[in-house]
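Novice: what follows is a predicted protein model with its sequence.
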There are 2 protein chains.
Amino acid sequence: MAAHPVSPLAPKSYPELPVIAGVRFATAEAGIKYKNRTDVLLVSFDEGTVVGGVLTRSKCSSAAVDWCKAGLPGGVARALVVNSGNANAFTGLKGKQSVQATAELAARVMGCKTSEVFLASTGVIGEPLDASKFEGVLDTMATRLTDGPWMDPAKAIMTTDTFPKLSAATVEIDGVEVKINGIAKGSGMIAPDMATMLSFVFTDMPISATALQALVSQHVKTSFNAVTVDSDTSTSDTLLAFATGKAAVAPIADLDDPRAEIFGEALRDVLFDLAIQVVRDGEGATKQVSIHVEGATSDESAFRIAKSIADSPLVKTAIAGEDANWGRVVMAVGKAGEPADRDRLSIRFGDLLVARNGERAAGYDEKATSAYMKGEDLELTVSLGLGEGRATVYTCDLTHGYITINGDYRS
Amino acid sequence: MAAHPVSPLAPKSYPELPVIAGVRFATAEAGIKYKNRTDVLLVSFDEGTVVGGVLTRSKCSSAAVDWCKAGLPGGVARALVVNSGNANAFTGLKGKQSVQATAELAARVMGCKTSEVFLASTGVIGEPLDASKFEGVLDTMATRLTDGPWMDPAKAIMTTDTFPKLSAATVEIDGVEVKINGIAKGSGMIAPDMATMLSFVFTDMPISATALQALVSQHVKTSFNAVTVDSDTSTSDTLLAFATGKAAVAPIADLDDPRAEIFGEALRDVLFDLAIQVVRDGEGATKQVSIHVEGATSDESAFRIAKSIADSPLVKTAIAGEDANWGRVVMAVGKAGEPADRDRLSIRFGDLLVARNGERAAGYDEKATSAYMKGEDLELTVSLGLGEGRATVYTCDLTHGYITINGDYRS
């Protein structure tokens, strides 16, 4: 795969993530597809670690997704194995066998049950993954597990990403600093629909598996599920959150515990930060756009309209061209199929009102609007004037870079 | 607007359309947006002409669409006015006034009722259309109505089209040659959803307005509504069919008349031919792709899966890159949300089986497949193995040309 230029929206610096007690990891070069870079991540969890997660809703999910789907109800995790370069998706019986073999290998190396091993694969679809590539590699990795730096796992899981994605939050619970670290990968085939590309979150919070699962499901809605790069939902989208319980506080048993909301907010911050980083690394992206829809008949309706705008190739190319083409925004509102009244619509780019009550705003300032469009972070607000429903979807522009990257992906 | 290179998929020659008794037209340069080209079309229909049509389902339809929506139930047409360069969409009260003024002007010039005037506008959204531009112009046009050549109206309605779109069919009814002519425009913002960009069809068949309407509604499904360029549905999509009744045969009163099916098939041929021309002029298109889905649980389910594949940016960029990336096809099947079983899926490019029962086909021939992908007309078939449902959707690839055209549309 050709290296692509680093996104102009890449962060200027990366956070240093703290150690999470009970979490150790190693990365390695298994040569699955790439040369001279790490492509396997092994994470080890101390006994007592629970897991919650959200997986792709694709009807053609990958073998690894199927494996996690079967394992999540158990709620217990001792190991995570992630590889990049090959998604092991649509590989039939071979894919299932490969997943089984990898889990057995990891279970042997880590001294745990196969049901306590979680797996994720990302990369090309349709090519069988050769599990024998992990033999030996995982054994060696298990001998050099470490608790940092977190940049290593973030890099090992990248595919067409142009920068690694890391985020961390700390939250005080009962006077104790609880930590949440997260990593993610993804820059194309991004429209998660109830899941994400690949993202792994680690915390030392003591929490039950059911409460963790509930919080992940709740906060994915306004984070990973509110972003879209190209409307294409991957067969491998996986978000897993692991809690080691090592922090010296009483465990959260369920959501009735008032601390669940506090912890949940911090978890949401990490998920949101990672999701936005995925958008900012969107293939070919030069601008990040937040699409706000308000005044809809319901939040769900607002979300569908925001998604319709965010996924519209004509809106996205106009933004790439720094063109405040609000006519295309109207088009995208209209095609969403949700309640909308053309003659009550108002549209703002940033604070600039461009359309009001179904026509160009009286004080529309083409010059100011054009100047605004040259920015890197744009806000687009559509007011429907029908009700109280609101939602925000985050996306990026559609540029020649996207075509270049995806017109030549396999070569 | 910059001129874009003519689509490589443009026809090598254009058909000469015959005279349709009862239909005369004129084109003119009103200077609505373009310089040195015609941008207004006036069509005059003899008394007794009936009309049927299908309009965009957009919730933000244009003023002209609203006008036609009100006029279609009347079923009678004496005039059609089409302008290019300005869609008069999302122009509020000014848009309504402009439409009313244009209809009144045309009615006066043609000596008919305003309710017998049909209107269509295409071009930029959100800019009020100055109806005074038509004053004088329509008067002059009315003095030089003619019955040919049909290339003139086809050219007058173009916007980003790189070639004019014409089609004709003749069908023998009761020993008489009945004629059907059609013209269309459109190359972007194409995913009609129960309508089309702009297309006008003219026939001398004697037929009731209700029967004509029923046939248009029926055959739009497998023609204009089965094509997509970029998944974006216009606010102005309009398909109108006019029947002058001048052919010397007994009229078709309703669909119980066995001749309705024969006439309908010919009508469908014209609609289909025009729809395919729109795809072949898709902005930036270098390849036409027919997406066949079979073995679905229903025809509707097959259609939604075919549409999901046809609208996927990753599938379309892979095709642009001449890459038989069937993994992305699997992705697009999976995200459609329709019943699908990964392990029963088969995928063919042309006659070449690339995937079978959920994995790469045993005899997969990379070389032959790559050679096939270099063609200009590609067939992609997905067999779901679940039922008898089938559908075909027609689309084009997604290239740098699309970004160039749409990243700089208004400038």
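Specialist: Cool, got the structure. Keep in mind that what you see is a predicted model, and the values were worked out from it rather than measured. Residues are numbered from 1 along each chain as shown, chains lettered A, B, ... in the order given.

Novice: contacts, neighbours, all on C-alpha from now
Specialist: Will do.

Novice: which stretches of chain A have low pLDDT?
Specialist: Residue ranges of chain A with pLDDT under 70: A:1-3, A:189-196, A:408-411.

Novice: enumerate the residues of the stretch 151-300 of chain A near chain B.
Specialist: Residues of the stretch 151-300 of chain A lying close to chain B (CA under 8 Å from any CA of the partner chain) are A:189, A:230-235.

Novice: using CSV, lay out the residues you listed together with neighbour count and distance to residue B:261.
Specialist: Shown next, in CSV, are those (neighbours: other CA atoms under 10 Å in any protein chain shown; distance: CA to CA, whole Å):
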residue, neighbour count, distance to residue B:261
A:189, 25, 44
A:230, 27, 42
A:231, 26, 40
A:232, 27, 40
A:233, 30, 42
A:234, 34, 44
A:235, 34, 44
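
Novice: which two in these are spaced the farthest apart?
Specialist: With CA to CA as the measure, no two of these lie farther apart than A:230 and A:235, at 14.4 Å.

Novice: can you map out the strands along the stretch 201-350 of chain A?
Specialist: Along the stretch 201-350 of chain A, the segments classed as strands by DSSP state E, counting those that start in this stretch run A:238-243, A:288-296, A:346-349.

Novice: show me what counts as buried in the second one.
Specialist: Going by neighbour count (16 or more other CA atoms under 10 Å in any protein chain shown), the buried part of strand A:288-296 is A:288-296.

Novice: how about the helices of chain A, start to end?
Specialist: With DSSP state H, the ranges of helices along chain A come out as A:63-71, A:92-110, A:137-142, A:151-156, A:209-220, A:259-280, A:299-311, A:313-320, A:326-335, A:366-373, A:400-406.

Novice: so can I have a markdown table of these showing distance to residue B:69 and mean neighbour count?
Specialist: As requested, those are exported to a markdown table (distance: least, CA to CA, whole Å; neighbours: other CA atoms under 10 Å in any protein chain shown):
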| stretch | distance to residue B:69 | mean neighbour count |
| --- | --- | --- |
| helix A:63-71 | 49 | 21 |
| helix A:92-110 | 51 | 20 |
| helix A:137-142 | 67 | 18 |
| helix A:151-156 | 56 | 22 |
| helix A:209-220 | 42 | 21 |
| helix A:259-280 | 41 | 22 |
| helix A:299-311 | 24 | 25 |
| helix A:313-320 | 26 | 27 |
| helix A:326-335 | 16 | 27 |
| helix A:366-373 | 33 | 15 |
| helix A:400-406 | 39 | 21 |
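
Novice: dump the ones you listed to CSV, plus distance to residue A:44.
Specialist: Compiled in CSV, those are given as follows (distance: least, CA to CA, whole Å):
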stretch, distance to residue A:44
helix A:63-71, 16
helix A:92-110, 7
helix A:137-142, 8
helix A:151-156, 12
helix A:209-220, 17
helix A:259-280, 21
helix A:299-311, 37
helix A:313-320, 41
helix A:326-335, 46
helix A:366-373, 46
helix A:400-406, 34
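
Novice: could you list the domains of chain A?
Specialist: Listed domain ranges for chain A are A:23-280, A:288-406 (source: automatic domain parsing).

Novice: which residues touch residue A:183?
Specialist: Residues in contact with residue A:183 (CA atoms under 8 Å, 6 or more residues apart in numbering or on different chains) are A:153-154, A:165-167, A:199-201, A:274.

Novice: just send the strands of the stretch 201-350 of chain A back as a markdown table, with distance to residue A:119 too.
Specialist: Formatted as a markdown table, the strands of the stretch 201-350 of chain A follow (distance: least, CA to CA, whole Å):
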| stretch | distance to residue A:119 |
| --- | --- |
| strand A:238-243 | 9 |
| strand A:288-296 | 31 |
| strand A:346-349 | 42 |
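
Novice: what number of residues lie near residue A:8?
Specialist: Using other CA atoms under 10 Å in any protein chain shown, residue A:8 has 15 neighbouring residues.

Novice: chain neighbours aside, what residue packs nearest to it?
Specialist: Nearest non-adjacent residue to residue A:8, counting by CA to CA, 6 or more residues apart in numbering or on different chains: residue A:286, 6.1 Å away.

Novice: and residue A:135, by the same measure?
Specialist: That would be residue A:105: by CA to CA, 6+ apart, it lies 7.3 Å from residue A:135.

Novice: quick one: residue A:114 and residue A:101 touch, right?
Specialist: No - Residue A:114 lies out of contact with residue A:101 (CA atoms under 8 Å); the separation is 9.7 Å.

Novice: list the contacts for the residue nearest to residue A:129 when sequence neighbours are not counted?
Specialist: Spatially, and ignoring its direct neighbours in sequence, residue A:129 is nearest to residue A:88 (5.3 Å; CA to CA, 6+ apart). Going by CA under 8 Å, 6+ apart, residue A:88 touches A:62-64, A:95, A:121-122, A:124-129.

Novice: and the most far-flung residue of chain A relative to its centre, how close does it get to residue A:382?
Specialist: Centroid-distance maximum for chain A: residue A:362 at 40.4 Å, with CA atoms, centre = their mean. Distance, residue A:362 to residue A:382, by CA to CA, to the nearest Å: 17 Å.

Novice: run through the bridge partners of residue A:169.
Specialist: Beta bridges link residue A:169 to residue A:180 when assigned by DSSP bridges.

Novice: so what's it up against?
Specialist: By CA under 8 Å, 6+ apart, the contact list for residue A:169 reads A:179-181, A:266-267, A:269-270.
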